[in-house]
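Student: quick check, what structure comes out for this input:
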Amino acid sequence: MKRQGGFTLIELVVVIVILGILAVTAAPRFLNLQGDARNAALEGLAGAINGASSIVYAKSAIDGNEAKDSSSVKINATDSVDTAYGYPKAATGGIDKAIEGFDANWAILPTSTATVANITLTEISGAAGTCFLTYTQATSTAVATVKVDTNACK
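Tutor: Just a heads-up that it's a prediction; the model follows:
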C-alpha cells in the first residue's frame, strides 16, 4: 500500500497551541499602540510650542517688547499673540494663537494659577487627567517652559 504523507491530528493541535501561546504573550505589546500614538502627538505638540514660542519671542524682541509683562505680537495681517516677557501667554489668545491648527485638535484646561495652562487632547474624554502637557508662561526671571509627564497618555 501507498503511504500518504501529511500531519497527524496531534501535530496540528500542538502547532495551534504553540501559536496560541505566542499570540497571548505578544498581544499586550501591540494593544497599547493607542496610548503611544497619543504620547507621540503630545510630544509633537511640545515641539510645536517650543518652536512657536521662539518665533514669537524673536518677533517681540524685534518690536522691543521682550521685557514687558504684557504685550502682543502681530503674527499675520489679522491675528496677534498675547505675550508676557516676549513669550506667548499661558491663556486663550496666547499660546493657542501661536500654534496653527491648535483649535482643531487641542484644548486649554483651566488651572488654579494665572501662569500655567494645561493643554490636553480634545478627543480624550476619559483620560483628560492623564494626557496633558503643562506650558508655563515666562516671568521676569524665567523663560517659558513646556513639560510633558513621562507617563502621559499611557
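
Student: shouldn't D79 be in contact with D96?
Tutor: No - the pair formed by D79 and D96 falls short of the contact definition of C-beta atoms under 8 Å, at 10.8 Å. Every residue, glycine included, has its C-beta placed from N, CA and C.

Student: the two: which is more packed in?
Tutor: Summary of the neighbour comparison: D79 and D96, criterion other C-beta atoms under 10 Å, with D96 having more neighbours (21 against 13).

Student: so what's the more buried one closest to, chain neighbours aside?
Tutor: With C-beta to C-beta, 6 or more residues apart in numbering as the measure, F102 is the residue that lies nearest to D96, at 4.6 Å, once sequence neighbours are left out.

Student: gap between that neighbour and L45?
Tutor: Between F102 and L45 the computed distance is 9 Å (C-beta to C-beta, to the nearest Å).

Student: the more surrounded of these two?
Tutor: Here F102 and L45 are set side by side on neighbour count (other C-beta under 10 Å), and the busier one is L45, at 22 against 18.

Student: where's I10, which helix or strand?
Tutor: Assignment of secondary structure by DSSP states H and E places I10 within helix 9-31.

Student: OK, contacts around the residue minimising distance to the centre of the chain?
Tutor: When the chain is reduced to its mean C-alpha position, the closest residue under C-alpha atoms, centre = their mean turns out to be L42, at 1.0 Å. Applying C-beta atoms under 8 Å, 6 or more residues apart in numbering, one finds that L42 lies in contact with L121, C131, F132, L133, V148, A152, C153.

Student: where does I10 land on pLDDT?
Tutor: Listed pLDDT for I10 reads 92.

Student: tally of neighbours for it?
Tutor: 8.

Student: how close does it sit to N50?
Tutor: From I10 over to N50 the distance is 61 Å, taken as C-beta to C-beta.
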